[in-house]
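let's see this in three dimensions:
(one chain, ligands or ions: 3)
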Amino acid sequence: MRTTAKSSSSSPAPRRPSAAPVLERVRSPEDLAGLGTAELAELAAQIRGFLIEKVCATGGHLGVNLGVVELTIALHRAFRSPRDALLFDTGHQSYVHKILTGRAAGFDTLRTSGGLSGYPCRAESEHDWIENSHASTALSYADGLAKAFQLRGELTDGSEDPAGRHVVPVIGDGAMTGGLAWEGLNNLAGATDRPVVIVLNDNGRAYAPTIGGIATHLGGLRSEPRAQHLFGELGLAYLGPVDGHDIAATEQALRAAAALGRPALVHVITTKGHGFSPAECDEADRMHAVGVVDPRTGIPTKAPKKSWTEVFGEQMAAIGEQRPDVVGVSAAMVLPVGLGEFARRFPERVFDVGIAEQHAVCSSAGLAAGGLHPVVCVYSTFLNRAFDQVVMDVALHKAGVTFVLDRAGVTGPDGASHHGMWDSAILSVVPGLRLAAPRDPARLAELLREAVAVDDAPTVIRFPKADAGPDIEAHARMNGVDILYRAVGRPLDVLIVAAGVTAKACLAAAEELDRLGIGATVVDPRWILPVNPHLTHLADRHRLVVTVEDGVRSAGMGTALAQACADARSTTPVRVMGLPREFLAAGARQEILESSGLGVRDIVTTATDGLRAGPHIPIPDLPDLPEITEIPDLPEITEITEIPPIVSKANGSAKRADRRAL
Ligand SMILES: Cc1ncc(C[n+]2csc(CCOP(=O)(O)OP(=O)(O)O)c2C)c(N)n1
Ligand SMILES: CC(=O)[C@@H](O)[C@H](O)COP(=O)(O)O
Ligand SMILES: [Mg+2]
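Residues are numbered from 1 along each chain as shown. Ligands and ions are numbered 1, 2, ... in the order given. Predicted coordinates:
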């Protein structure tokens, strides 16, 4: 059934307008009921101005939320949240929902530690349901909720019964390119006795224009509302397309869908960035997500430093010149993952598959089988959902596929669902897979070339959402392990194994340990999984090993090294430092690293505690360390002294005395 909504609403008669700005009078969705057409338009304008002012100052999902101002007002007029469940897919478009549910005052703290989350957050409000920020899940939540409400006798039957609860997932056209969305849709459409109102927010884009047959189909419906549509074929009532910037028309369509008493889809047409010309004119992604920008121009207020993403993009383009078999694969994030330059130079060699990470990985196994070398570029956290494809479609088939995981480790403002903290752990169990963590741009360039040279196994490069920083040269490379620091004239007390970007903090800790009279060696294995056997050899020459990684400590490089040392019958204790097996809230990256126990002082303390726990060697108490503001330049080490033969396993002091050199 199709209903093209008209601009008339059956909402209560409007109250007499008041002098106070409408936005200040809306503290909860109930306050919307008495607003007339003019006040609703004023409210939309005030919300839009509020978003521009606040989000330009804090950073966040500006364009996305400018596109859903009227839609969200209509949603909260047509339905009674939280009794009715408004489910926001991905959740990055929930700022207006937060404003309408009494959280406008929190926007100065948006996406900061202890501040307002950038996604729905159940701890913030009873109006919030889905916190995951991972696309394409809302229809599945809706199916589950509808089943639960139905079994509990709470689900609406479409009548005006105030006791009946509606389930209303709001999903974008981009999220509809994710396979999970179709699993949910299949169940919703097949349950004709479970009325769910699906709101398809169609702005034609994910970041870039949405790709594939679904995008083509939706485009056809936008331009020819009478065209045949697949939703009806599935058994859904289809209402629309409706102008999502017309509050009354959208509200009318939502109410009509709710009254049908059967699963329905309301096709709402919006514009990402609506009402803010810098966003509307932003070809790349309509200012999907911004940093701190000028609210008049949308231009960043300070020049960003070179990021890891940019370094990768440059190197990928350079490799593309030399390797015609190398292709780029992205899940609707070509520019955010750094494939822009590669795509500009080799447009036919970049594949945007939509928000479809499982397909990105499995189709890459196909690309490799066809003789190409795919480089799959995803944010670390989004690879989680494609783990089976990594194991069964790439590794089992010994396919030469390279994964580049941006946003690996602590990311920061996007909070718990975005920290790329699980990739090392889950990938550590994949047979044949090799994982590298570059410490600096030079190593990224080197490791990426080593990775794309492997044609019979998966290779992975991981790096964080951070400035790439300067190169950190090694003093030597031994069997693939970079020696970054060896305390001169000190015993081989502690071997610090740095994974990637943690090298900087490890070097500062080694300096501090030297000041305490403790001999540290800092090494960077570059390829952190599987364990380089030379590390167990080095471990056996030290009294203690400390491993440091920007990933969960319960599984990953450190755990694997501890196991390898035990397997090699090394008696050297291993202390593994990493992120806790917890969901980490939003905040600044460095702040979260330090609060998670990965600061310089934590490394120093782990080393001194570990040494104290070993055979008795007098270790001075840790003085109050001065705040380390800058990582000092390291003294040039002119030569690496010879490695003595393995001494007998005498007691600690004999062991230490004979370990004057690496
Ligand atoms: C599984 C997953 N992959 C990638 C992303 C990154 N991402 C966040 S929003 C977005 C685009 C979403 O497009 P759409 O659903 O159309 O919503 P819109 O931003 O247009 O409102 C993407 C790709 C994500 N959140 N989850
Ligand atoms: C919602 C989502 O997943 C993306 O928009 C993400 O927030 C972008 O993260 P970056 O800002 O780190 O690119
Ligand atoms: Mg979209």
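
now do the same end-to-end measure for stretch 58-74.
Looking at stretch 58-74, the gap from its leading to its trailing residue is 27 Å under the measure C-alpha to C-alpha, to the nearest Å.

how far does it sit from its chain's centre?
Between the mean C-alpha point of stretch 58-74 and the mean C-alpha point of its chain there is a distance of 20 Å (C-alpha atoms, centre = their mean, to the nearest Å).

same check on stretch 324-342?
Taking C-alpha atoms, centre = their mean, one finds the center of stretch 324-342 at 17 Å from the center of the full chain.

let me know the helix or strand that the residue of the stretch 1-150 of the chain found nearest ligand 1 is in.
Nearest to ligand 1, among the residues of the stretch 1-150 of the chain, is Ala135, at 3.6 Å (C-beta to the nearest ligand atom). Every C-beta, even on glycine, is put in place using the N, C-alpha and C of the backbone. Element membership for Ala135 (DSSP states H and E) is empty, with no helix or strand holding it.

could I get the pLDDT score of it?
Each residue has a pLDDT score; the one for Ala135 is 98.

how's the chain carved up into domains?
21-290, 308-462, 485-525+534-613 (automatic domain parsing).

so which residues make contact with stretch 428-436?
Counting contacts by C-beta atoms under 8 Å, 6 or more residues apart in numbering, the residues outside stretch 428-436 that touch it are 390-391, 395-396, 398, 423-424, 427, 447, 450-451, 454, 456-462, 526-530, 555-557, 559-560.

what about 6 Å?
When contacts are defined by C-beta atoms under 6 Å, 6 or more residues apart in numbering, stretch 428-436 is touched by residues 391, 395, 427, 447, 457-461, 526-529, 555-556, 560.

contacts made by the longest strand that the chain contains with the rest, please.
Across the chain, the longest stretch assigned as strand under DSSP state E is strand 544-552. Strand 544-552 is contacted from outside by 409, 421, 424-425, 494-499, 502, 506, 539, 556-558, 561, 572-579, 581, 606-607, 610-611, using C-beta under 6 Å, 6+ apart.

buried set for the strand or helix carrying Leu218?
For Leu218, the host element (DSSP H and E) is helix 212-223. Buried positions in helix 212-223, judged by neighbour count with 16 or more other C-beta atoms under 10 Å: 214-215, 217-218, 221-222.

cool, and stretch 346-365?
When burial is assessed from 16+ other C-beta under 10 Å, stretch 346-365 yields the following buried residues: 346, 349-365.

quick one: distance of that stretch to the chain centre.
On the basis of C-alpha atoms, centre = their mean, the separation between the geometric centre of stretch 346-365 and that of its chain is 18 Å.

is ligand 1 contacted by it?
Yes: shown here: stretch 346-365 in contact with ligand 1 (C-beta under 6 Å from any ligand atom) through 355, 357.

may I have that stretch as PDB, with CA atoms only?
Output for stretch 346-365, consisting of C-alpha atoms alone and laid out as PDB, is shown next (Å, rounded to 0.1, in the frame of the first residue of the first chain):
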ATOM      1  CA  PHE A 346      43.400   4.700 -10.200                       C
ATOM      2  CA  PRO A 347      39.600   5.100 -10.100                       C
ATOM      3  CA  GLU A 348      39.000   1.700 -11.500                       C
ATOM      4  CA  ARG A 349      41.100   0.100  -8.800                       C
ATOM      5  CA  VAL A 350      39.100   1.300  -5.800                       C
ATOM      6  CA  PHE A 351      35.900  -0.600  -4.700                       C
ATOM      7  CA  ASP A 352      33.400   1.000  -2.400                       C
ATOM      8  CA  VAL A 353      31.200  -1.900  -1.400                       C
ATOM      9  CA  GLY A 354      28.800   0.100   0.800                       C
ATOM     10  CA  ILE A 355      28.700  -0.300   4.600                       C
ATOM     11  CA  ALA A 356      29.300  -4.000   4.100                       C
ATOM     12  CA  GLU A 357      32.500  -5.100   5.900                       C
ATOM     13  CA  GLN A 358      31.700  -8.800   5.600                       C
ATOM     14  CA  HIS A 359      31.300  -8.400   1.900                       C
ATOM     15  CA  ALA A 360      34.400  -6.300   1.700                       C
ATOM     16  CA  VAL A 361      36.500  -9.100   3.100                       C
ATOM     17  CA  CYS A 362      34.800 -12.000   1.400                       C
ATOM     18  CA  SER A 363      34.900 -10.300  -2.000                       C
ATOM     19  CA  SER A 364      38.600  -9.500  -1.400                       C
ATOM     20  CA  ALA A 365      39.200 -13.200  -1.100                       C
END
